[in-house]
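Participant: Structure for the following, please:
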Amino acid sequence: DPLLAQAAICPKIPDNGHLVDLGGDVRANPKLSGTTHNVFGIQTGVVIGFFVKGGKGKGIHYVRRPEDEVARDKLDWLARNEPTELPWVQISPSKRGNWLDHVENEWGELLPVASKKTKAAKVKGQERAIFKLFSLGVSSNRDEWAYDMSWNAIREKSAYFAKVYNTSVTDKSYPSPDEITQGQRLPIKWSSELRRYAERQHLIDYGEFSLREALYRPFVRIPTRFAPLFTHRPYQQDQIFPFSARDDNNYICFTDPSAQKPWMALAGSHLPDLHLVGPAAGTVVLPMLRYPSADEGIDNITDWALNKFTKRYGKRAGVTKDTIFTYAYACLHDPVWRETYAINLRREFPRIPFQEDFASWAKWGRQLMDLHIDYEKVEPWPINRTDTPDEKSRKAGVALPLKLKAHPEEGRIEIDSETTLSGFPPRAWEYRLGNRSGLDWVLDQHKEKKVRDATVEAWLQDNPDYRYRFADHKERVIDLLAYVARVSVETLDTLEAMRAASVVKSSQN
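Facilitator: Below you'll find the model as predicted:
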C-alpha cells in the first residue's frame, strides 16, 4: 500500500497513525472489479489515513476489510462504526522495512539471480549474483508507432515518423513543451524527451538492422523498429541486442517486483518489451550474453556463480555457464518455490536454491526453454476445426464478426462467426503467465482494437491498407493456438516433475 510504503521510509513515524485499508486493488488481484469492490470505482486500492501529532500511543494502527468485500458493504461498515470502535492492530516494520505480510523463511540464504551491486561491480571479485547484467525491456512510449503486425506497415510507419521528426529538427519547427503536454494535434506523437533530442539537433538515423521481431507479449512476436531516438527508452537492451546487429540472444525474464501483476517468468530470444508481462508491470531481462561493444558477446553468467555451483556439485555434475543458465530457468518455475516465496517475489529480485540433482534441473530448464522460445516448432495440439459459412455477412460484403472467445471447460475457442476450434485440453488454461493463460494472451493480442493514438489514426486514414485486420492473420493465429496448447500442457507436465523433486520446504506443508 502506498501509504505504508511511504511510512516505512520516513525518518519519523507519526505519533499516532491510523490506516483503514479498504482494499480494491484490481491490478494486484484481477479477480476483483473496480466498479464492484472499490469504494471509488477505480483500479487502485484505497486507504484512509488519520495522522495525529502528539497522540498518546506512537506507531501505526491498522485495520483492513476483507479482500472480496463489495464496495457497498465497505461503505456501510464505515457508516456504522466510529473510528474509536474499530478493531485496530498496532503494526511495526520488519527488519527489511515491510509493514505488512512479515515472512520468516530462508530467502536470504538463497542465491541471488541479479543485484544492483553485481551489475555495478568493476572487478569480478565484487560480483555476488548469478547474472552480471540485467535490464528492463524496451519502452517505446508510442507502441502504435513502434509496433505492428505487418512488416510493411512498421517499415512505412517508422519511415514517416522519422521523416516528420527529422524535418522538424532541420526546420526547428518541433512543438513547444505546452503543445506536447496539452495534447494538441500533431503529425506524430512527441514526448518531452524526444523534443530535447530535437533541441540538440539529433536526427533519427537507423540502419538496416533496426527492423526486427520483438517479443511483445507472451507467445506474441511482432515487428518493430529498434533504433536510437525512435525507441523512447532502450534501457540496457542495446547491450543485449546491439543496435547494429540482428542476432538473437537467449534470455530469462521475470516480473519486476514493483509490478501490479502476478509474478511470472518466461524465456525469449527476441527483443523484449517493457510490458511483456502486461500493462502496469515491468519486465526484468537476464541475458545469456552481454555486449559491452557490438562486436562480440561475452558470458553474462558470473565467475562467482560458476565457482559456487562447481563447489556445490563438483566438476562431474556437468556444471557450465550454459547449464547454470538453464538450471536457473527451471528453478524460477519450481511451483513449490513460487508458493513458498510468493511474498518475497513481490518485493525483491528472485533468489534460487541449490536443488539436489543439478543435472535434472538443468535438463528441465532446457526443456522449458525449448518450449517457450521455439514454441512455433513444437508439434501442434490436434484440434478440430468447424467452419459454418456466415451467409448473412458474406452477402452483405462485410468482415466476419470477430469473437476470439475461449470456453476452457469445454476445450473450445470461437474464432469468428464462421470458425470454431475444439479439442483443446482444458488443462492448457492452467498454465498462466501473470494474470492470463498462454492461450488467452494469444487471443487478447490478436483482437481488432481501436487505435488510441490520434496521430497514428490520422496516418492510417491516409494509408488504409496498413490498418490491422484479423482476417489477414486468421490462419496464423489458429496455428499459433495449437502450438501454445502443446507448450502449455508440456510445461505443466514438467512442473509436476519439479514439484516432486523440489528441496524447498513448502509453506503449505
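
Participant: quick one: the strands in the stretch 101-250 of the chain?
Facilitator: 111-112, 135-136, 211-217, 220-225 (DSSP state E, counting those that start in this stretch).

Participant: Could you name the helices and strands sitting against the third one?
Facilitator: Contacting strand 211-217 under the criterion 3 or more C-beta pairs under 8 Å, 6 or more residues apart in numbering; DSSP states H and E are the following elements: helix 151-171, strand 220-225, strand 271-272, helix 438-445. No exception for glycine: its C-beta is placed from N, CA and C like everyone else's.

Participant: Off-centre distance for that strand?
Facilitator: From the chain centre to the centre of strand 211-217 is a distance of 14 Å (C-alpha atoms, centre = their mean, to the nearest Å).

Participant: cool, and the last one?
Facilitator: Taking C-alpha atoms, centre = their mean, the mean C-alpha location of strand 220-225 is offset from the chain mean by 16 Å.

Participant: List the contacts of that strand.
Facilitator: Residues from elsewhere that reach strand 220-225, judged by C-beta atoms under 8 Å, 6 or more residues apart in numbering: 140, 146-151, 153-154, 158, 206, 210-216, 231, 270-271, 441-442, 445-446.

Participant: How about the third one?
Facilitator: Applying C-beta under 8 Å, 6+ apart, the set of residues contacting strand 211-217 from outside is 138, 147, 151, 154-155, 158, 221-226, 241, 246, 268, 270-273, 275-276, 278, 441, 444-445.

Participant: nearest spatial neighbour of Asp21, skipping sequence neighbours?
Facilitator: Spatial nearest neighbour of Asp21, excluding adjacent residues (C-beta to C-beta, 6 or more residues apart in numbering): Arg64 at 4.0 Å.

Participant: Glu296 - that's part of a strand, no?
Facilitator: No: counting by DSSP: H, G, I helix; E, B strand; the rest coil, Glu296 is not found in a strand; it is coil.

Participant: Need the phi and psi values for it.
Facilitator: Here is the backbone geometry of Glu296 (degrees, to the nearest 10): phi -150, psi 130.

Participant: Just give me the neighbour total for the nearest residue to Asp453 once chain neighbours are set aside.
Facilitator: Leaving aside its sequence neighbours, Asp453 sits nearest to Glu144 (C-beta to C-beta, 6+ apart; 4.3 Å). When neighbours are counted by other C-beta atoms under 10 Å, Glu144 registers 20.

Participant: how close does Glu144 sit to Ala317?
Facilitator: Separation of Glu144 from Ala317 (C-beta to C-beta, to the nearest Å) stands at 49 Å.

Participant: Same check on Pro401?
Facilitator: Note on Pro401: its distance to Ala317, by C-beta to C-beta, is 57 Å.

Participant: ditto for Gly397
Facilitator: For Gly397, the distance to Ala317 - C-beta to C-beta - is 66 Å.

Participant: between those two, which one's more packed in?
Facilitator: Counted by other C-beta under 10 Å, Gly397 and Ala317 do not tie: Ala317 has more neighbours, with 15 against 6.

Participant: Surely the more buried one and Ala359 touch.
Facilitator: Yes: between Ala317 and Ala359 a contact is recorded at 6.2 Å, counting by C-beta atoms under 8 Å.

Participant: picking that back up, buried ones only from the contacts of strand 220-225, please, as a PyMOL command.
Facilitator: In PyMOL, this line selects whichever of those come out buried by 16 or more other C-beta atoms under 10 Å:
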select buried, resi 140+146+147+148+149+150+153+154+158+206+210+211+212+213+214+215+216+231+270+271+441+442+445+446
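
Participant: Now for this protein: which helix has the highest residue count?
Facilitator: helix 474-501 (DSSP state H).

Participant: Check which helices and strands that helix sits against.
Facilitator: helix 335-340, helix 358-373, strand 412-416, strand 419-422, helix 438-445.

Participant: Which neighbours in the sheet does the third one have, and how are they oriented?
Facilitator: The reference is to strand 412-416. Strand pairing for strand 412-416, determined by DSSP bridges: strand 402-407 (antiparallel), strand 419-422 (antiparallel).

Participant: Buried ones in the shortest one, by neighbour count?
Facilitator: The one in question is strand 419-422. So, applying 16+ other C-beta under 10 Å, buried residues of strand 419-422: 419-421.

Participant: wait, doesn't Arg347 sit right on Ser258?
Facilitator: No: when contacts are counted by C-beta under 8 Å, Arg347 is not listed as touching Ser258 (9.1 Å).

Participant: neighbour-wise, which of those two wins?
Facilitator: Arg347 (15 against 10).

Participant: ok, the residue nearest the centre of the chain to Thr283 distance?
Facilitator: Nearest to the geometric centre of the chain sits Val277, at 1.9 Å (C-alpha atoms, centre = their mean). According to C-beta to C-beta, Val277 and Thr283 sit 5 Å apart.

Participant: so what sits against both of those two?
Facilitator: By C-beta under 8 Å, 6+ apart, Val277 and Thr283 have these common neighbours: 253, 255.

Participant: give me the beta-bridge partners of the closest residue to Thr386 other than its chain neighbours?
Facilitator: Leaving aside its sequence neighbours, Thr386 sits nearest to Thr420 (C-beta to C-beta, 6+ apart; 4.8 Å). Thr420 has the following beta-bridge partners by DSSP bridges: Thr386, Glu414.

Participant: my guess is Thr420 meets Arg412, correct?
Facilitator: Yes: Thr420 is within contact range of Arg412, at 6.5 Å (criterion: C-beta under 8 Å).

Participant: Next up, the contacts around the nearest residue to Asp357 once chain neighbours are set aside.
Facilitator: Leaving aside its chain neighbours, Asp357 sits nearest to Ala501 (6.9 Å; criterion: C-beta to C-beta, 6+ apart). Contacts for Ala501 (C-beta under 8 Å, 6+ apart) come out as 355-357, 360-361.

Participant: and these, which are buried?
Facilitator: By 16+ other C-beta under 10 Å, the contacts of Ala501 give 355, 361 as buried.

Participant: Just give me the closest of the contacts of Ala501 to Phe50.
Facilitator: Gln355 (48.3 Å; C-beta to C-beta).

Participant: And the pLDDT for the nearest residue to Tyr251 once chain neighbours are set aside?
Facilitator: Distance criterion C-beta to C-beta, 6+ apart; nearest residue to Tyr251, sequence neighbours excluded, is Pro287 at 4.3 Å. pLDDT recorded at Pro287 is 98.

Participant: doesn't Asn300 make contact with Pro287?
Facilitator: Yes: Pro287 lies in contact with Asn300 (C-beta under 8 Å); the separation is 5.2 Å.

Participant: Name the residues contacting each of these two.
Facilitator: Counting by C-beta under 8 Å, 6+ apart, the shared contacts of Pro287 and Asn300 are 131, 133.

Participant: From the neighbour counts alone, determine which of those two ranks first.
Facilitator: Between Pro287 and Asn300, Pro287 has the larger neighbour count (other C-beta under 10 Å), namely 29 against 24.

Participant: now the protein, which segments are flagged as low pLDDT?
Facilitator: Scanning the chain for pLDDT under 70 picks out 1-15, 54-58, 93-104, 183, 506-509.

Participant: Sweet, I'm off.
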